[in-house]
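Undergrad: using only what follows, build the 3D model:
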Amino acid sequence: MRPVWFSLLLFATLSSAAQQPGADAAAPSQAAPMRTEFRVRYVNGTDVYIDAGRDAGLAPGTKVMLKQPPGKVSDGSTDAPVAPGVVATLTVVSVATTSAVCEVNSSTRTLAVGDILSLPDTEVQKMVAKDTLGNSRKYPMIVSFTEGDPLDEEVREEIPHPPLPEINQARLRFGFDFSTIQGLGGNGFTSTVVGTVVRANISRMWGTHWNLNGYWRGRVQSSTQPAQSSIQDLINRTYEMSLTYVNPGSPWTAGVGRLYLPWATSLEVIDGGYIARSMSKDSVVGIFAGSTPDPTAWNYNPARKLAGGLVNFHGGDWDRFRFSTTVGAGVELLNWAVDKPFLFSENDFSYRRVVSLYYATQIDRPTANPGSPPVGFGVGQSLLTLRIQAHPRVEFDLTDTYFRDVPTFDAALVGTGLLDKYLFQGISGGSRFQLPHRVTGYFSVGQSSASTDKTNSWNTMYGATMARIWKTELTIDARYSKFDSSFASGIYRTVTISRDLGDRFRFNLQGGTQSFASSLSSDRGEYFANLLFDTNLGARYFLEGSFTTQRGGAQEYNQYTATFGYRFDNRSRERMAAHAQIP
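TA: Just a heads-up that it's a prediction; the model follows:
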């Protein structure tokens, strides 16, 4: 009888409270008013930061827009609409408590600090419905009694609860590729490659806390001569594919595959794994082991292995001051023989996305070459980068790079821009600035000042990018670089034309010349061109293709690649509904 009496008493209490004068008028005043307009605080390319976040009801996938000012006309106006009454459409991609990051989907002009963004009617209706249902994840709250009816408890356990959105979310592309390299001139050969390619983005697989992310390409090769390498082959070997365990309710985290260490990216990509444990809210202790397979790594050597341990301390807030400090020790093996022990440190500080400072250093003792005197402990490499966002359209950076040993990256990748961080040894400074008409310029100038240089030499790099040229949605980037350091010197020029229409179509054409001389290679002049495209065939299939040619160097060749495959997205319908936009 007690549950019945308690229910009647609870009903009578709530009824009397509802009948009190002013009760209905007082309730709405306790809820925060719903915001429908937000101000732009910061712009970085296609990323736009606004002054509202989770507290205002925003979530990843929420649509916002910049309305056309009253009285503006579409013809010849910088605020010409992309839709009736709309100048720009954006999607929220990341949310904090009081701020959010939006990605520009379409716009007719560059957004600026101070612009007022607003919610479309469809998003306002969603927020109203959400406030009506409350924060109970769209099912009614269940009141539990100390002494309840067993039948009620059984029914309560059978109530279905919707899964979290991130559980078992899978986006996958699997395909078969065919590639042929044809040698030209006196070095004639034919090399044929057949293999598979996989791109995966799978979170919380089968309801667990394991995630699979990255890209992988596997091959079976047949050739009329020993396998030949090309620029495209080297780029394909810079992939990452990792299986990681991240559980907010557990102090343990782990990862395996080809990956960066989360707290020590200066150690480059490794084929291996790590396991770590949170000792407190602000500290992590872990161990790692693997090889160095990435041809863009400064210590690249497929026969090299490394292992060690680290401790990380972190804290702060991205909207204010944040820091992350990692210290550790390890050993490198070459063909399973000790090559060098090393100590390393990595530090990252930032303040309100205005100032960021990154410093990484490694102290090691490499094994001397046969017949050479022993080498003692010393600074093997260091990298210092300071970036200042002086204005939403202007960024400055200052970099100091030092290597005691000659980096072992693959020199054939110089013209791709993937090795720029190694070519400017010494102190250099540069800037990146946004100009009118969607033009972005950038440059870097410095002097090489390594300990082995007889004289200092100037290094220069500058270029410009122009997006959405003449309403064609094409982007053009032109770059020139000249460098001269203790281990290499050279010049390269590249022009890149690209177009990206979301997941439907991607196109990239790059051409240029390069001349590179070092202790690892002879001086040569090369001309190269690289064409890639990627398109979807309906909702489930895709087609990729590429063509690469190189002339004037030690190797002259043509390469053709085609990939056909299947794409899968188990949340495609939900994502299409979330991204539906009707102003």
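Undergrad: just want the most central residue of this protein.
TA: Central residue of the chain (Cα atoms, centre = their mean): Gly214, 10.9 Å from the mean position.
Undergrad: name all residues that make contact with it.
TA: Applying Cβ atoms under 8 Å, 6 or more residues apart in numbering to Gly214 gives the contacts Arg199, Ala200, Tyr239, Glu240, Met241, Ser242, Gly257, Arg258, Leu259. No exception for glycine: its C-beta is placed from N, CA and C like everyone else's.
Undergrad: by pLDDT, give me the weakest of these.
TA: Of all those, Tyr239 carries the smallest pLDDT score, 83.
Undergrad: can you tell me how far it is from Arg173?
TA: Tyr239 is 13 Å from Arg173, where distance means Cβ to Cβ, to the nearest Å.
Undergrad: again with Asn247
TA: Distance, Asn247 to Arg173, using Cβ to Cβ: 27 Å.
Undergrad: also Gly183?
TA: Shown here: Gly183 relative to Arg173, a distance of 31 Å by Cβ to Cβ.
Undergrad: okay, these two: which has more neighbours?
TA: Applying other Cβ atoms under 10 Å to Gly183 and Arg173 shows that Arg173 carries more neighbours, namely 22 against 17.
Undergrad: so in terms of bridging, what pairs with the nearest residue to the more buried one once chain neighbours are set aside?
TA: In space, and not counting its chain neighbours, Arg173 is closest to Arg199: 4.2 Å by Cβ to Cβ, 6 or more residues apart in numbering. Taking DSSP bridges as the rule, Arg199 bridges to Arg173, Tyr215.
Undergrad: just give me the neighbour total for Arg199.
TA: 19.
Undergrad: that one is in contact with Leu172, isn't it?
TA: Yes: using Cβ atoms under 8 Å, Arg199 is in contact with Leu172, at 7.1 Å.
Undergrad: show me where the stretch 1-150 of the chain has strands.
TA: In the stretch 1-150 of the chain, the segments counted as strands under DSSP state E, counting those that start in this stretch are 37-44, 47-50, 63-67, 86-95, 100-107, 116-118.
Undergrad: out of those strands, nearest to Leu383?
TA: Leu383 lies closest, by Cβ to Cβ, to one member of the strands of the stretch 1-150 of the chain: strand 37-44, at 22.2 Å.
Undergrad: what's next to the closest one, contact-wise?
TA: Identification of contacts with strand 37-44 by Cβ under 8 Å, 6+ apart yields 48-52, 56, 64, 99, 110-119, 353, 389, 392-393.
Undergrad: any buried residues in it, and which?
TA: Applying a neighbour-count criterion of 16 or more other Cβ atoms under 10 Å, one finds Phe38, Val40, Arg41, Tyr42, Val43 buried in strand 37-44.
Undergrad: before we move on, what about stretch 92-101?
TA: Residues of stretch 92-101 classed as buried by neighbour count (16+ other Cβ under 10 Å): Val92, Val95, Ala96, Ser99, Ala100, Val101.
Undergrad: got those as TSV, with pLDDT and distance to Ser280 columns?
TA: Listed next are the buried residues of stretch 92-101 as TSV, based on pLDDT from 0 to 100; distance: Cβ to Cβ, whole Å:
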residue	pLDDT	distance to Ser280
Val92	91	32
Val95	87	26
Ala96	84	22
Ser99	85	26
Ala100	89	29
Val101	89	28
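Undergrad: quick check on Ser99: phi, psi?
TA: Main-chain dihedrals, Ser99, degrees, to the nearest 10: phi -150, psi 160.
Undergrad: for it, give its distance to Ala56.
TA: Separation of Ser99 from Ala56 (Cβ to Cβ): 10 Å.
Undergrad: is Leu531 bridged to anything, and to what?
TA: Here Leu531 shows beta-bridge partners Leu509, Phe547, assigned using DSSP bridges.
Undergrad: thinking again about what came up before, from the buried residues of strand 37-44, which is closest to Thr440?
TA: When the buried residues of strand 37-44 are compared for distance to Thr440 (Cβ to Cβ), Val43 wins out at 12.0 Å.
Undergrad: per-residue pLDDT, that closest one?
TA: pLDDT, read off for Val43, is 85.
Undergrad: where's it relative to Arg109, distance?
TA: Distance of Val43 to Arg109, computed by Cβ to Cβ: 12 Å.
Undergrad: could you do Thr325 as well?
TA: Going from Thr325 to Arg109 by Cβ to Cβ gives 41 Å.
Undergrad: what is the neighbour count of the residue lying closest to Leu501 once chain neighbours are set aside?
TA: The shortest distance from Leu501 to any non-neighbouring residue, by Cβ to Cβ, 6+ apart, is to Glu473 (7.0 Å). When neighbours are counted by other Cβ under 10 Å, Glu473 registers 15.
Undergrad: which ones are touching Glu473?
TA: Here Glu473 is in contact with Arg499, Asp500, Leu501 (Cβ under 8 Å, 6+ apart).
Undergrad: that one - that's part of a strand, no?
TA: No: in this structure, Glu473 is coil, not part of a strand, as judged by DSSP: H, G, I helix; E, B strand; the rest coil.
Undergrad: for it, give its distance to Phe542.
TA: 20 Å.
Undergrad: ok, Trp336 next?
TA: 41 Å.
Undergrad: now swap in Leu357 and tell me
TA: According to Cβ to Cβ, Leu357 stands 41 Å off from Phe542.
Undergrad: which one of the two is surrounded by more residues?
TA: Between Leu357 and Phe542, counted using other Cβ under 10 Å, the more crowded position is Phe542 (20 against 16).
Undergrad: which residues does Phe377 contact?
TA: Contacts of Phe377 (Cβ under 8 Å, 6+ apart): Ile363, Asp364, Arg365.
Undergrad: in the sheet, who's paired with Val355?
TA: Tyr351, Ile388.
Undergrad: what is the neighbour count of it?
TA: 14.
Undergrad: so who does it touch?
TA: Contacts of Val355 by Cβ under 8 Å, 6+ apart are Leu386, Arg387, Ile388, Gln389.
Undergrad: same deal with Glu240?
TA: Here Glu240 is in contact with Gly214, Tyr215, Gly257, Arg258, Leu259, Tyr260, Val269 (Cβ under 8 Å, 6+ apart).
Undergrad: which helix or strand contains the residue nearest to Phe533 when sequence neighbours are not counted?
TA: Counting by Cβ to Cβ, 6+ apart, Phe507 is the residue found nearest to Phe533 once chain neighbours are left out, at 4.9 Å. For Phe507, the host element (DSSP states H and E) is strand 505-518.
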